[in-house]
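**Student:** Got a predicted structure here, sequence first:
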Amino acid sequence: MKKISILGSTGSIGTQTLDVISHYPEQFEVVALAGGHNVELLAEQVKRFRPSVVSVATQAAADQLIGRVPSGVKVLYGDEGLLETAAGNDADTVVTAVVGSQGLKPTLAAIEAGKQIGLANKETLITAGHLVTEACQRHGVELLPIDSEHSAIFQCLNGESSDRIHKITLTASGGSFRDRKREELAGVTVKEALNHPNWSMGAKITIDSATMVNKGLEVMEAHWLFGLSYDQIEVLIHPESIIHSFVEFVDHSIIAQLGLPDMRVPIQYALTYPDRMPTPTGRLRLAEVGKLQFRDMDFERYPCMRMAFESGRAGGSVPTVFNAANEIAVARFLQEDISFLQIEDIIETVLSKHQRVVAPTLEEITEIDAWARRTAGATL
Ligand code: MG
């Protein structure tokens, strides 16, 4: 029986992880859950999966939850609660599915406690790739990617050493505005932006798909996960989201991973790795798909993609700034405070004001992250 803790259990990845687990009650035991503010859903999850620890964002949410869960369940809250959910119990695998840079410290704590990591929180590697990979080596921890693209690359590599890789290609659906020209993006609404053609995901990542920031963050994540230079990472627009990503080896042989777009497949693979088990997901029938299309990435249509590569190559503290500025800009767009195209303006402005730190410590990352958020909040 594998013991699982989930950080971000009420979000899109969290609920799908619990869905996977619910099909295998003999294989998995949920020992800890952390959610945000959705007390109702969390109370249901506790009732169904019986973790011994549960954590929420605030004390007020914890007070609400206490009356709704069995008395033996420990209810925690805030950063301390998240840390305890990550590292303070006997979980074997921690699924890190919280959104944003709040995922960094609990993920590091879980690595230091020797847990395997089902990595769905991108910011962990983006803001602190050098610290996280070093901690993984020190504690013999493997990062098992849950993102569909990285899971695809991980499956294609299947133990091949990274010096046999010529290039990897991350595929991108193009997001909700892929068929619009740049000029047609000026007045787009939040509702239009949230309507993703292929994937069912949370709000933040759906906006990040439309701006291509999501793919940019995935490029940085791939750099750390697979130890590749930025010259070895390409992005290709593939509207059908059937090929989830592929590896070209030094002999020019290409191995790709295909499937219907359903996050439960990469989630389950991270939980069962190196084993595979049946999933409740649909089967891919290529004859029904008929045709797969591909377009080169257009760095002028998607300036956030250009800024992501520049930030990744600059390294040090720059990816932290790119990520934090984007988080605030997306939150402001979702609140209808700024327009869609102003997301990229804010990122560009905040990046231009930042002085790079080459190898930031965890404290410096936290400070720079906070500075970038303040600056992004005050821009425009
Ligand atoms: Mg992805």
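**Tutor:** Nice, I can see it.
**Student:** three-state assignment of the residue lying farthest from the centre of the chain?
**Tutor:** Outermost residue of the chain with respect to the C-alpha centroid, by Cα atoms, centre = their mean, is Ser71; its distance is 33.4 Å. With DSSP: H, G, I helix; E, B strand; the rest coil as the basis, the three-state label of Ser71 is coil.
**Student:** And it, how close does it get to Ala43?
**Tutor:** Between Ser71 and Ala43 the distance, using Cβ to Cβ, to the nearest Å, works out to 14 Å. (Each C-beta comes from the backbone N, C-alpha and C, glycine too.)
**Student:** shared neighbours of the two, anything?
**Tutor:** Listed as contacting both Ser71 and Ala43 by Cβ atoms under 8 Å, 6 or more residues apart in numbering is no residue at all.
**Student:** picking up where we left off before, can you give me phi and psi for the residue farthest from the centre of the chain?
**Tutor:** Summarising the backbone geometry of Ser71 under the convention degrees, to the nearest 10, its torsions are phi -60, psi -20.
**Student:** Leu42 versus that one, what's the distance?
**Tutor:** 16 Å.
**Student:** How about the contacts made by the residue of the chain found nearest the ion?
**Tutor:** Taking Cβ to the ion as the measure, the point where the chain comes nearest the ion is Asp147, at 4.3 Å. By Cβ under 8 Å, 6+ apart, the contact list for Asp147 reads Leu119, Ala120, Lys122, Glu218, Glu221, Pro266.
**Student:** so what does whatever helix or strand the last one lives in touch, helix or strand wise?
**Tutor:** When elements are defined using DSSP states H and E, Pro266 is found to belong to helix 264-272. The helices and strands touching helix 264-272, judged by 3 or more Cβ pairs under 8 Å, 6 or more residues apart in numbering; DSSP states H and E, are helix 12-22, strand 93-96, strand 116-119, strand 143-145, helix 148-157.
**Student:** The third one close to the ion?
**Tutor:** No: if you take Cβ under 5 Å from the ion as the test, strand 116-119 misses the ion, and the best it gets is 11.7 Å.
**Student:** On the three-state scheme, Glu221 is what?
**Tutor:** When the rule is three-state DSSP, Glu221 gets the label helix.
**Student:** I'd assumed Leu125 was in contact with it.
**Tutor:** Yes: Glu221 is within contact range of Leu125, at 4.8 Å (criterion: Cβ atoms under 8 Å).
**Student:** so Glu29 touches Ser5, yeah?
**Tutor:** No: between Glu29 and Ser5 there is no contact under Cβ under 8 Å: 10.3 Å.
**Student:** okay, the two: which has more neighbours?
**Tutor:** Neighbours per residue, other Cβ atoms under 10 Å: of Glu29 and Ser5, the larger number sits with Ser5, 30 against 17.
**Student:** Is it correct that the more buried one falls within a helix?
**Tutor:** No: following the definition three-state DSSP, Ser5 is strand and is not counted among the residues of a helix.
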